[in-house]
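Peer 1: This is a predicted model, with the sequence first.
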Amino acid sequence: VIELAPGDADYPARLRDLASAPDPLWIDGELDVFRARAVAVVGTRRMTGYGERVAREIAAACARAGVVVVSGLAQGIDSAAHRGALDAGGRTIAVLGEGITLFVASVHGRRRPLVPRIRASGALVSQYAPTFCAQPWTFAKRNATMAALADAVVIVEARAVSGALITAADARGLGRTVFAVPSAFGSGASAGTDALIADGLAIPLTTSGDLLRALGRGSRGSEVKDDPILDVLVIGPAGLDEIASRARLSSDRVASRLAALVLRGAVETLSDGRYRRV
Amino acid sequence: MATEVAPAPAARSVARVAACALWGLETAMVTVEADVANGLPSFTVVGMPDAAVSEARERVRAAIRNSGFEFPLRRVVVNLAPAERRKEGTGFDLAIALGVLRATGQLSRDAGALCLAELALDGTLRPVRGVMPRMRRALAVGVTSAFLARDNAAEAAALGADAFGFTSLREAVEHVEGRARRSPAPPPPAAPRPSHPVDLADIAGHETPKRALEIAAAGGHSLLLVGPPGTGKTLLARAIASLLPSLDPDEAIVASAVHSVAGLVDPERPLLAARPFRSPHHTASHLALVGGGSPPRPGEVSLAHGGALFLDELAEFSPSVLETLREPLEEGAITISRAGSSATYPARFTLVAAMNPCPCGHAGDPSVQCTCLPDAVARYHGRLSGPLMDRIDMRVHVPRIPYETLREEGRESSRVALERVLAARERMRGRLVESGRRSNSELTVAEVRRHCRLTADAEDLAAEAVRAHRLSARGFHRVLRVARTVADLAASDAIRTPDLALALLLRARA
């Protein structure tokens, strides 16, 4: 873990936009990751299957276009974004709300294996001393740092009250472009992002191509997968009966085609017996 | 045994009566020897009696006096041979009483039958648990008649024995003396097939879960239903009872014997006809689920032998209790080791389990927001160990059903599905005819190779599945067994692509 002051040459330049740039800033990882274009992808910890897919897909598209994905390594959308970028071979920065050493020692569950992968090509960043313990207010301050480290911010899923909305407000204050993913029809999980769009505070984001174009990285032919089953699974995971009725296919056809998609790795089985597009 | 059946000349000082001891489902013939000799009046039972057997002395003494006989004021010793194993329970009372009467000359002939009953102080005979397995043992060694309490007579008669049911000790003595001969109890009618409380026609939508139930019922494959609360998982699981064919005669005897030991048989109709459906609560202990204890009793896995075991809220069961299911799921039997002995009970059942998708229950539910963090959901599923999930053949999502589907008419009834199950079971039996096994879930690896022929397309799919490392060898064989059942239900000789695809998709674990 190294310690940088705003005066240092390696200090992330974009952070100087903040009224009070973190001083010092602790970094564990590669320093050149801060020089690339970057997008922050953030959202709720209690994500839906739909939100997870969107976060992964946006992060993967950024990774393929060489854009660094910045997020907060919380459970839910943040982790999905980091994972999506890493799985697509991209680089990613995790901005923590507590000391790096403490976090690395105490994180468990599905986020733990992400830590070495993030550090290998990207970086863990914190404005708090390595053994500083998280407080409720440290996450709010971390959100501003996260917004400053990125050229644009995407809010994937946020409830009416959500930390991701603080990040959106910070990003607007810094002049960063703010995108929000509209909710799926009938889902209450994105009340916060819908409100941002309705109030004109964020640009609705419906394809990752729009995001990359805004960053000047024209989309590299966003893959149009023309498969009725994959189309059905765009909205979120579904069980066999639901896929069959929405795709208007017989259950035998669905079984044969879905099995082929699973074997190809395009669809995975969830622990509750539903199927999700990867 | 021959000595008891042969007519004895006259009163003699040592009398022998046949009885049978029971440990769990294990049985052994016991000879009750009674000796009456001069000396200070005493009554001793030797031969490793437990507390209940020792107490028989008081019951026997009172019953003999209150039946109008005389209890000898001499030195009475009763030995339960072989003496090296502990005898449990109250089933020896009648044998001891008849032995004492014979030894004192108040009974002029040997009983010549298996005697199994508890005595009341007034000489009334009371029924005991576990008559069926003990009668089976007696028949195996050539003792074909039995003296029992009236309520137990049907159990022995169901096995083809000459079962005499008496209401009192006096009646039994009159019968042996030939003063009032009784005729053996007629073989009881088989228990009627119960009308099933849940029919498939009661359940709207859920096509894949219903299909999985049918596959489970036909092939004996294990099934896990996952879905939000209130979507009908329990109803679906209970419907499997309506899809199971009646027990075969040999299966019925084994299953009824287990129920007899647990004291769960109907005294009028002790022979089970319908396959058992057991649903222990998720707070069930080790002993309740797999059996054991002192005296050993069969657990739920053995009571479900030949039928279905339903575990609702699977993730709420204690993990160590769930681990004990691995052996019966693999072997179809459970071995209980206790100090000094180990016993193997039958436990071949179709496992049907249900659970919520997450701690709050609403993950994937479009109408209610799930409040669980992702790590909490992963932990919840982590409660089911890998080896256990490995033995679950099918995992099916049970979604919330929209109103329009709930109102739909013209659903298929269980009777139609049962026809398909019966036809599929017939096909399976035809293949396994010489092995004594019955269902596809019991196919050995060699039989899987011989009987699970794939069409050319399905062969490609299978090759791809193994190549993509989506399946271990054991997983692959389990998938083939399920696919075999899917094809059997469709009356197809070869396994076709959709059959194999469904089996692959429903497999919970690589």
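Peer 2: The structure has been received and is ready for your questions.
Peer 1: Is A:V181 in contact with A:A158, as I believe?
Peer 2: No - when contacts are counted by C-beta atoms under 8 Å, A:V181 is not listed as touching A:A158 (9.4 Å). To be clear about C-beta, it is placed using only N, CA and C from the backbone, and glycine gets the same treatment.
Peer 1: shared neighbours of the two, anything?
Peer 2: Common neighbours of A:V181 and A:A158, using C-beta atoms under 8 Å, 6 or more residues apart in numbering or on different chains, are A:S190, A:T193.
Peer 1: Show me which of these two is the more surrounded one.
Peer 2: Taking neighbours as other C-beta atoms under 10 Å in any protein chain shown, A:V181 and A:A158 compare with A:A158 leading, 29 against 26.
Peer 1: In space, what's closest to the more buried one - neighbours in sequence excluded?
Peer 2: The shortest distance from A:A158 to any non-neighbouring residue, by C-beta to C-beta, 6 or more residues apart in numbering or on different chains, is to A:G192 (3.2 Å).
Peer 1: Might you report the residue contacts of residue 17?
Peer 2: You didn't pick a chain, so chain A it is. A:A148, A:L174, A:G175 are the contacts of A:D17 under C-beta under 8 Å, 6+ apart.
Peer 1: could you do chain B instead?
Peer 2: Contact analysis of B:V17 by C-beta under 8 Å, 6+ apart lists B:E4, B:T31, B:V32, B:A34, B:A95, B:I96, B:L98, B:G99, B:R102, B:D110, B:A111, B:C115.
Peer 1: Just want the most central residue of the chain.
Peer 2: As the question left the chain open, I've gone with chain A. Centroid-nearest residue in chain A: A:A81, 2.9 Å away (criterion: C-alpha atoms, centre = their mean).
Peer 1: actually it's chain B I care about, not the one you picked
Peer 2: For chain B, B:L303 is the residue whose C-alpha lies nearest the centre (C-alpha atoms, centre = their mean; 3.0 Å).
Peer 1: who's in contact with that one?
Peer 2: B:V258, B:H259, B:A262, B:L264, B:P276, B:R278.
Peer 1: now swap in B:E174 and tell me
Peer 2: B:A180.
Peer 1: For it, give me the backbone phi and psi.
Peer 2: phi -60, psi -40 (degrees, to the nearest 10).
Peer 1: Please tell me how far it sits from B:R182.
Peer 2: Going from B:E174 to B:R182 by C-beta to C-beta, to the nearest Å gives 9 Å.
Peer 1: cool, A:G239 as well?
Peer 2: Between A:G239 and B:R182 the distance, using C-beta to C-beta, works out to 63 Å.
Peer 1: So for the two, which sits in the more crowded spot?
Peer 2: Set A:G239 next to B:R182 and count neighbours by other C-beta under 10 Å: A:G239 wins out with 23 against 14.
Peer 1: Please verify my assumption that the more buried one contacts B:P399.
Peer 2: Yes - at 5.3 Å, A:G239 and B:P399 qualify as touching, with contact defined as C-beta under 8 Å.
Peer 1: Identify the residues contacting the residue of the stretch 1-150 of chain A found nearest chain B.
Peer 2: Residue nearest to chain B within the stretch 1-150 of chain A: A:G109 (3.6 Å; C-beta to the nearest C-beta). Shown in contact with A:G109 (C-beta under 8 Å, 6+ apart): A:Q75, B:P374, B:D375, B:A378, B:R379.
Peer 1: one more time with 7 Å
Peer 2: Counting by C-beta atoms under 7 Å, 6 or more residues apart in numbering or on different chains, A:G109 touches B:D375, B:A378.
Peer 1: gap between it and B:D122?
Peer 2: For A:G109, the distance to B:D122 - C-beta to C-beta - is 68 Å.
Peer 1: Which strands or helices does the longest helix seen in chain A pack on?
Peer 2: The single longest helix within chain A, with elements called by DSSP state H, is helix A:49-64. Contacts defined by 3 or more C-beta pairs under 7 Å, 6 or more residues apart in numbering or on different chains; DSSP states H and E place helix A:49-64 against strand A:38-42, strand A:68-71, helix A:77-87, helix A:208-214, strand A:275-277.
Peer 1: how distant is that helix from the center of its chain?
Peer 2: How far helix A:49-64 lies from its chain's middle: 7 Å, per C-alpha atoms, centre = their mean, to the nearest Å.
Peer 1: orientation of it relative to helix A:77-87 in degrees?
Peer 2: Using axes from the mean of the first three to the mean of the last three C-alpha atoms, to 10 degrees, the direction of helix A:49-64 lies 40 degrees away from that of helix A:77-87.
Peer 1: List the contacts of residue 74.
Peer 2: Looking at chain A here, since you left the chain open. A:R45.
Peer 1: oops, chain B please
Peer 2: B:V36, B:A37, B:N38, B:G39, B:P41.
Peer 1: who in the stretch 51-200 of chain A is up against chain B?
Peer 2: With C-beta under 7 Å from any C-beta of the partner chain as the criterion, the stretch 51-200 of chain A meets chain B at residues A:Q75, A:G76, A:G109, A:R110, A:G188, A:A189.
Peer 1: Next, work out how far apart the second one and B:Q369 are.
Peer 2: Taken as C-beta to C-beta, the spacing of A:G76 relative to B:Q369 amounts to 13 Å.
Peer 1: quick one: which of these two has more around it?
Peer 2: A direct count of neighbours by other C-beta under 10 Å for A:G76 and B:Q369 places A:G76 higher, at 24 against 15.
Peer 1: What sits closest to the more buried one if chain neighbours are left out?
Peer 2: According to C-beta to C-beta, 6+ apart, the nearest residue to A:G76 is A:R45 (3.7 Å).
Peer 1: All the strands of the stretch 101-250 of chain A, residue numbers only.
Peer 2: Taking DSSP state E, counting those that start in this stretch as the test, the strands found in the stretch 101-250 of chain A are A:123-126, A:152-155, A:177-180, A:203-204.
Peer 1: what element comes up after the helix or strand bottoming out on mean pLDDT in chain B heading to the C-terminus?
Peer 2: Least confident helix or strand, chain B: helix B:2-5 with a mean of 44, by mean pLDDT, DSSP states H and E. Past helix B:2-5, further along toward the C-terminus, the next helix or strand under DSSP states H and E is strand B:14-23.
Peer 1: got the angle for the next helix or strand after that following strand vs strand B:14-23?
Peer 2: Next in sequence after strand B:14-23, counting helices and strands by DSSP H and E, comes strand B:26-37. On the basis of the same axes, to 10 degrees, strand B:26-37 is oriented at 150 degrees to strand B:14-23.
Peer 1: Flag every buried residue along strand B:26-37.
Peer 2: B:E26, B:T27, B:M29, B:V30, B:T31, B:V32, B:E33, B:A34, B:D35, B:V36 (16 or more other C-beta atoms under 10 Å in any protein chain shown).
Peer 1: Distance to chain A added to the residues you listed, as CSV?
Peer 2: Output for the buried residues of strand B:26-37, formatted as CSV (distance: C-beta to the nearest C-beta, whole Å):
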residue, distance to chain A
B:E26, 41
B:T27, 44
B:M29, 52
B:V30, 53
B:T31, 58
B:V32, 58
B:E33, 63
B:A34, 64
B:D35, 68
B:V36, 71
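Peer 1: Contacts for the host helix or strand of B:L224, please.
Peer 2: Assignment of secondary structure by DSSP H and E places B:L224 within strand B:223-226. Residues from elsewhere that reach strand B:223-226, judged by C-beta under 7 Å, 6+ apart: A:272-273, B:209, B:212-213, B:216, B:233, B:236-237, B:314, B:351-355, B:357, B:392, B:394-398, B:508.
Peer 1: so for the following helix or strand past it, what's the average pLDDT?
Peer 2: As assigned by DSSP H and E, the chain's next helix or strand after strand B:223-226 is helix B:233-239. Per-region confidence: helix B:233-239 scores 92 on mean pLDDT.
Peer 1: Please give the centre-to-centre distance between the helix or strand just after helix B:233-239 and its chain.
Peer 2: Using DSSP H and E, the next helix or strand after helix B:233-239 towards the C-terminus is helix B:249-261. Here the centre of mass of C-alpha atoms in helix B:249-261, compared against the chain's by C-alpha atoms, centre = their mean, lies 7 Å away.
Peer 1: Then stretch B:92-108?
Peer 2: Computed by C-alpha atoms, centre = their mean, the chain-centroid distance of stretch B:92-108 equals 35 Å.
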